[in-house]
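Trainee: Pasting the sequence and the predicted coordinates here, then a few questions.
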Amino acid sequence: ELARRGLAVEGAVIGEPTGLDLAVAQKGLMVLELVARGTACHAAHAATLGAVNAARRLAHDLVALERVDFGPPHEHLGPITLEPTQVKAGTARNVVPAEATAILDVRTTPALEREEIVRRIRAAVAGEVRVLSDRLLPQSTPVGLPLIEAARRARPGARVYGSATLSDMALLGGPPAVKCGPGQSERSHTPDEFVLESEVLDGAQFYTRLVGTYAELRG
């Protein structure tokens with residue numbers, strides 16, 4: 001909408017939950033699919049036929065992924081992480097699966113290029129690794145910019161850090177950004193996820209101070 005109106009964006013505040021600390025950097029995201037293949041047959045005859053169970057192959061690969069070395073952690077964003085988040089196999093309870101798949105959530109840093117991350121994962125497993133998405137890159141905003149200075153003045157004592165989670169910062173395409181919002185990121189996607197009313201009110205007061213402070217710095 002701003003682009004349609006011809007308005008330039010000087011900076012952006014992403015209201016993701018950070019406890020009102022200031023995330024000036026965030027990890028990127030790659031979504032991979034790990035595919036293991038086997039031989040379908042009746043479960044009762046698998047041992048006799050020597051059938052390869054794709055679910056077992058996938059299980060071995062998932063264990064092998066725990067040993068992938070992505071090198072030392074990034075100075076601000078910490079280590080590259082990999083988590084299997086969705087696993088699928090089989091068509092019936094008495095049929096050995098011919099295929100089993102797992103979705104891999106990989107949080108990236110500038111420490112390794114995307115191609116090298118995929119290469120190391122492929123080297124560790126027997127199955128096929130498909131890249132489903134690799135467009136969301138790590139982001140960072142220099143702490144000396146007016147937006148960050150205004151945020152620090154509006155929230156004295158706030159921690160300045162790099163965030164492990166993704167946000168719209170990856171989609172803005174250029175303007176300086178800071179991720180700062182009420183609530184705790186660790187509550188995200190947990191049972192009974194919540195934000196306290198007091199946290200929302202603190203956030204509103206912070207945003208009000210931030211706008212005023214930024215206007216003063218920009219003259």
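Mentor: Nice, thanks for sending it over.
Trainee: could you say what helices and strands the longest helix along the chain packs with?
Mentor: Looking across the chain with DSSP state H, the single longest helix is helix 197-218. Secondary-structure packing of helix 197-218 (3 or more CB pairs under 8 Å, 6 or more residues apart in numbering; DSSP states H and E): helix 146-154. All C-beta spots, glycine's among them, are computed from the backbone N, C-alpha and C.
Trainee: what about the helix it packs on, distance to the chain center?
Mentor: Helix 146-154 sits 25 Å away from the centroid of its parent chain (CA atoms, centre = their mean, to the nearest Å).
Trainee: Sheet-wise, list the partners of the next helix or strand after it with their directions.
Mentor: Following helix 146-154 in sequence order, the next helix or strand is strand 160-163 (DSSP states H and E). Here strand 160-163 is paired, per DSSP bridges, with strand 22-26 (parallel).
Trainee: Kindly export whichever helix or strand comes after the strand it pairs with (C-alpha atoms) in PDB.
Mentor: Proceeding N to C from strand 22-26, the next assigned helix or strand is strand 28-37, under DSSP H and E. The C-alpha trace of strand 28-37 is given here as PDB (Å, rounded to 0.1, in the frame of the first residue of the first chain):
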ATOM      1  CA  GLY A  28      16.700 -17.000   8.100                       C
ATOM      2  CA  LEU A  29      14.600 -20.100   7.300                       C
ATOM      3  CA  MET A  30      15.000 -23.000   4.900                       C
ATOM      4  CA  VAL A  31      12.300 -25.600   4.600                       C
ATOM      5  CA  LEU A  32      13.600 -29.000   3.400                       C
ATOM      6  CA  GLU A  33      11.900 -32.400   2.700                       C
ATOM      7  CA  LEU A  34      13.800 -35.600   3.500                       C
ATOM      8  CA  VAL A  35      12.500 -38.600   1.500                       C
ATOM      9  CA  ALA A  36      13.300 -42.200   2.300                       C
ATOM     10  CA  ARG A  37      12.100 -45.000   0.000                       C
END
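Trainee: quick one: strands adjacent to strand 28-37?
Mentor: Strand 28-37 is paired, per DSSP bridges, with strand 99-108 (antiparallel), strand 128-136 (antiparallel).
Trainee: If you drop the residues flanking it in sequence, what lies closest to Q26?
Mentor: Spatial nearest neighbour of Q26, chain neighbours left out: S163 (4.3 Å); criterion: CB to CB, 6 or more residues apart in numbering.
Trainee: err, T18, not the other one
Mentor: C180 (5.3 Å).
Trainee: The one you found: neighbouring residues, count only.
Mentor: 25 (other CB atoms under 10 Å).
Trainee: For it, give me its contacts.
Mentor: 13-15, 18, 20-23, 151, 155, 158, 206 (CB atoms under 8 Å, 6 or more residues apart in numbering).
Trainee: One more pass at 10 Å, please.
Mentor: Neighbouring residues of C180 by CB atoms under 10 Å, 6 or more residues apart in numbering: 13-24, 151, 154-155, 158, 203, 206-207, 210.
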